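Chemist: Generate a structure from the sequence data that follows.
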Amino acid sequence: MMACQEWPEPVIRVQALAESGLTTVPECFIKPRSQRPINTTLVPNQAKSCPQINININNNDNINIPVIDMKHVYCDDKRLREETLERVSEACREWGFFQVVNHGVEHELMREAREVWRGFFHQPIQVKEKYANSPLTYEGYGSRLGVKKGAILDWSDYFFLHYLPSSLRDQAKWPALPTSLRNVIAEYGEEIVKLGGRILEIMSINLGLREDFLLNAFGGESDLGACLRVNFYPKCPQPDLTLGLSSHSDPGGMTILLPDENVSGLQVRRGEDWITVKPVPNAFIINIGDQIQVLSNAVYKSIEHRVIVNSDKDRVSLAFFYNPRSDLLIQPAKELVTEDKPALYSPMTFDEYRLFIRTKGPSGKAQVESLTSKCDSN
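Modeler: Here you go, the predicted model:
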């Protein structure tokens, strides 16, 4: 199945809609009732900024995804190191999400990365349209995921770019304005790749595998894939009717997210509840993708998440996707396959796998669950 060359309908720029002063959400953005942001655990100050949302406020400030201090991973204190590794392991097994602090990336670089992209999204529309994307590669300035005609759309715009392998990196396709953007993002990408390698090493050790197992399964340092999607969530007049990003698990290996520290929006599924993540200052949010679920034979699971929008404030986040090389077969590690727990997934390349979300858009956990059924039928 080939990727589509064009979008099935005229592209709607959500930021332009928001800035037009409209007071109601167009019908094509209104989610079915079962998908609207209700039965939500929010921190109290966010509830005040989203008065239209029908929510269950939980005043327990301890409800958050785990926070891991990475300085303890490399310290001389063996007990602290082992405790930290265990906390990462527990977060991967129980949550699929965690935040990291003292991760080695300069805080000023993190701030600059957010600000240059905020600067891009506030350029005149004619500047942004020069980078308009297509579903063939998704690279560039976009406003929808999936090519299903008549789909209910998400309340967001984005910019998608390739970072690795270097053969796919074309800075001419990256925004020229603000003038510092290309240099900042090149440096930012380099640092995030290093961070991703350290986290994959920790995950490999915790799974009882060689410390370079996951990195090598992704293709090694020279061949792994990496890309960046910068999300812009404009303020929304009716945030109770729509979502910034529909529920999904990430199709790739691992996501390293730089959140907007001023506006919460990311929600993680926890049983039947949606937990709103409270970003810790100068932290990255890490989440397991479908490919690590497959490689770990479901010891680690990718978790559904979504993004709610705000009636008063725009929000910017940078999602760096750390992925396997596109043509490598991904399958459960043989060390994690036993008689008691046979391989749950059939081999599939990442290229074959991600075509699902590029065609259908965000679809909960439907994609990775379909692999289990295929394996059962073999």
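Chemist: so the nearest residue to Glu304 once chain neighbours are set aside, which of the three states?
Modeler: Closest residue to Glu304 apart from its sequence neighbours, by Cβ to Cβ, 6 or more residues apart in numbering: Arg269 at 4.1 Å. The way it works is simple: take the backbone N, C-alpha and C, and place the C-beta from them, glycine included. With DSSP: H, G, I helix; E, B strand; the rest coil as the basis, Arg269 sits in strand.
Chemist: I figured Arg269 hits His305, correct?
Modeler: Yes - between Arg269 and His305 a contact is recorded at 6.5 Å, counting by Cβ atoms under 8 Å.
Chemist: Between these two, which is the more surrounded one?
Modeler: Comparing Arg269 with His305 by other Cβ atoms under 10 Å, the one with more neighbours is His305, at 24 against 18.
Chemist: Just give the closest residue to that one, not the sequence neighbours.
Modeler: Closest to His305 by Cβ to Cβ, 6+ apart is Val268, at 4.9 Å.
Chemist: go on, Ala186?
Modeler: Gln171 (7.2 Å).
Chemist: and what of Ile65?
Modeler: Phe97 (4.4 Å).
Chemist: Looking at the one you found now. What's its pLDDT?
Modeler: You'll see Phe97 listed with a pLDDT of 98.
Chemist: And Met1, by the same measure?
Modeler: 42.
Chemist: cool, and Ala16?
Modeler: If you check Ala16, the pLDDT there is 97.
Chemist: Can you classify it by secondary structure?
Modeler: Going by three-state DSSP: Ala16 is helix.
Chemist: got the contact list for the residue nearest to Val263 when sequence neighbours are not counted?
Modeler: Leaving aside its sequence neighbours, Val263 sits nearest to Arg315 (Cβ to Cβ, 6+ apart; 4.3 Å). For Arg315, the contact set (Cβ atoms under 8 Å, 6 or more residues apart in numbering) comprises 231-233, 244, 260, 262-263, 265, 309.
Chemist: Would you mind giving those as CSV with secondary structure added?
Modeler: Below are the contacts of Arg315 laid out as CSV (three-state DSSP):
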residue, secondary structure
Asn231, strand
Phe232, strand
Tyr233, strand
Gly244, coil
Asp260, coil
Asn262, coil
Val263, coil
Gly265, coil
Val309, coil
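Chemist: how much space between the residue nearest to Ala186 and Gly271?
Modeler: Here the distance between Gln171 and Gly271 works out to 44 Å (Cβ to Cβ, to the nearest Å).
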